[in-house]
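Chemist: sequence unknown, structure follows:
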């Protein structure tokens with residue numbers, strides 16, 4: 001492995017200069033705080049790819065038949081483990097943690113490949129897509145430094161691997177040295193005609209049906225989302241859209257994925273799972289209220305959220321679910337809740353966020369962690385399996401990348417994934433935006449749809465053409 005310090009360059013400029021190489025993954029801390037958003041990572045031109053589509057595992061374009069009767073998701077995780085272990089890297093602790101590995105997304109429906117669950121109407125989005133990167137650019141925003149890490153994989157022989165690592169590094173550094181024009185004025189914007197799977201009446205009816213399930217004792221809560229779809233102009237620049245979105249709605253767990261026919265723009269405030277040296281952290285969000293431009297009104301809204309019995313109860317239920325999930329793969333008595341329903345503030349909303357931690361059991365790894373916890377409880381409900389069945393019934397269409405997870409599995413065993421909320425997918429000439437809410441027995445259907453609209457507002461705003469100066 002070779003490491004090169006980078007001359008000062010912003011991640012957004014690096015992404016613009018490298019995206020022509022294909023299959024770019026940009027894990028973007030577009031918002032940094034004292035605790036979150038310290039690192040950004042950018043990788044491009046992978047040497048291998050793993051996809052799961054319609055339950056079939058595909059490695060470098062070739063289907064891989066299961067070797068046991070495991071569920072398709074568990075077969076995929078076992079195969080992924082084998083491939084990650086085939087490219088070992090000794091992590092340097094003086095650098096940001098992702099130093100080569102598999103990065104991309106697990107769609108919400110990957111969870112339905114881990115369990116025997118009903119599926120809603122298909123959207124054509126693969127259940128998982130992970131690219132294997134031998135070279136990663138990383139930024140430490142706290143230190144104001146950046147590096148290129150080149151591993152030389154997939155070359156097996158040591159000298160050949162060193163030669164590849166050097167050649168790959170020089171090629172990327174040369175490309176980074178060449179400036180490219182920024183997006184043209186108005187690029188990534190368009191006046192779109194959005195259609196939804198539910199609409200106001202349909203969403204509120206779905207909420208009422210979900211409340212009926214809660215009152216009947218089927219579940220304690222479920223997250224119900226509305227999906228919005230619009231046809232795009234032929235020349236729409238999705239990368240320019242993401243550059244605008246990250247300015248309008250900066251978030252610590254944002255991401256841009258360019259997987260050829262599928263592109264994903266994400267400005268998520270929520271971490272799903274982080275694993276480093278056996279230490280696990282998840283940060284479930286439950287409880288949301290809008291922000292105000294008036295500082296006194298904004299403080300009042302934040303205080304109201306903190307005082308809300310409904311929102312706190314919703315948060316605590318998901319914390320209990322995540323504690324239970326982590327306990328399946330963490331050492332006894334190590335699962336803890338250092339923060340319960342704390343306040344975090346973003347561009348348009350305040351959230352209640354909890355932090356749940358644990359120490360991974362000996363013999364378990366990041367793939368076991370995913371098997372035990374995916375998808376995240378904050379976007380399913382509790383109990384998780386029954387809530388997911390009700391979600392499929394009420395929403396009627398697959399979620400795709402939305403409410404799945406975007407992030408990486410490092411060759412050396414680390415992992416970090418977000419919850420893919422505040423997310424737009426681009427595929428087949430269409431853009432898809434979804435937003436939802438956690439439904440409890442105390443939910444008001446109209447109020448829940450207003451909350452969903454607040455969450456999605458900046459996504460829609462990022463599409464809107466700017467008014468002439």
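Modeler: Structure's in. What do you need? Worth saying up front: this structure is predicted, and the values here are computed from it rather than measured.
Chemist: what about the residue lying farthest from the centre of the chain, which SS state?
Modeler: In the chain, the residue that sits farthest from the middle, by CA atoms, centre = their mean, is residue 159; the gap is 36.8 Å. Counting by DSSP: H, G, I helix; E, B strand; the rest coil, the backbone at residue 159 sits in helix.
Chemist: quick one: it and residue 100, what's the gap?
Modeler: Counting by CB to CB, to the nearest Å, the gap from residue 159 to residue 100 is 19 Å. Backbone N, C-alpha and C define where each C-beta goes, glycine included.
Chemist: Repeat that for residue 203.
Modeler: Applying CB to CB, the value for residue 203 to residue 100 is 43 Å.
Chemist: Give me the buried positions along whichever strand or helix holds residue 84.
Modeler: Following DSSP states H and E, one finds residue 84 within helix 72-85. Buried residues in helix 72-85, counted by 16 or more other CB atoms under 10 Å: 72-80, 83-84.
Chemist: Could you do stretch 84-95 as well?
Modeler: Neighbour-count burial for stretch 84-95, counted by 16+ other CB under 10 Å, picks out 84, 87, 89, 91, 95.
Chemist: Check the offset of it from the chain's centre.
Modeler: 23 Å (CA atoms, centre = their mean, to the nearest Å).
Chemist: try stretch 61-80
Modeler: For stretch 61-80, the distance to the chain centre is 23 Å (CA atoms, centre = their mean).
Chemist: So for stretch 230-249, mean pLDDT?
Modeler: Stretch 230-249 shows a mean pLDDT of 96.
Chemist: which residues of the stretch 101-250 of the chain fall in helices?
Modeler: 111-114, 158-176, 199-215, 238-248 (DSSP state H, counting those that start in this stretch).
Chemist: Let me have these in JSON lines, adding distance to residue 385 as columns.
Modeler: JSON lines is the format used below for these (distance: least, CB to CB, whole Å):
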{"stretch": "helix 111-114", "distance to residue 385": "9"}
{"stretch": "helix 158-176", "distance to residue 385": "44"}
{"stretch": "helix 199-215", "distance to residue 385": "13"}
{"stretch": "helix 238-248", "distance to residue 385": "33"}
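Chemist: Go through the ones you listed and pick out the most buried.
Modeler: helix 111-114 (a mean of 23; mean count of other CB atoms under 10 Å).
Chemist: That helix packs against which elements?
Modeler: Using 3 or more CB pairs under 8 Å, 6 or more residues apart in numbering; DSSP states H and E, the elements in contact with helix 111-114 are helix 72-85.
Chemist: Can you name the residues in contact with the helix it packs on?
Modeler: Outside helix 72-85, the residues that touch it by CB atoms under 8 Å, 6 or more residues apart in numbering are 48, 50, 52, 55-57, 59, 64, 66-68, 70, 101-102, 110-114, 127-128, 130, 132, 365, 367, 370-371, 409, 411.
Chemist: Next: stretch 353-365.
Modeler: The contact list for stretch 353-365 (CB under 8 Å, 6+ apart) reads 81, 270, 275, 278-286, 315, 318-319, 322-323, 326-327, 329-331, 334-344, 368-369, 413.
Chemist: buried ones in it?
Modeler: Using 16+ other CB under 10 Å as the test for burial, stretch 353-365 gives 353-361, 364-365.
Chemist: same deal with stretch 45-63?
Modeler: 45-52, 55-59.
Chemist: What is the nearest of those to residue 189?
Modeler: The closest of those to residue 189 turns out to be residue 45 (CB to CB; 28.8 Å).
Chemist: give the contact list for the closest one.
Modeler: 21-23, 133, 135.
Chemist: of all the residues you listed, which two lie farthest apart?
Modeler: So, those by CB to CB: farthest apart are 22 and 135, at 13.3 Å.
Chemist: Considering the contacts of residue 45, which possesses the most neighbours?
Modeler: Taking other CB atoms under 10 Å as the neighbour criterion, residue 133 ranks highest of those with 29 neighbours.
Chemist: Before we move on, what's the pLDDT of that residue?
Modeler: Looking at residue 133, its pLDDT stands at 98.
Chemist: quick one: terminal-to-terminal distance for stretch 254-274?
Modeler: Using CA to CA, to the nearest Å, the end-to-end distance of stretch 254-274 comes to 15 Å.
Chemist: in it, what counts as buried?
Modeler: 254-259, 262-274.
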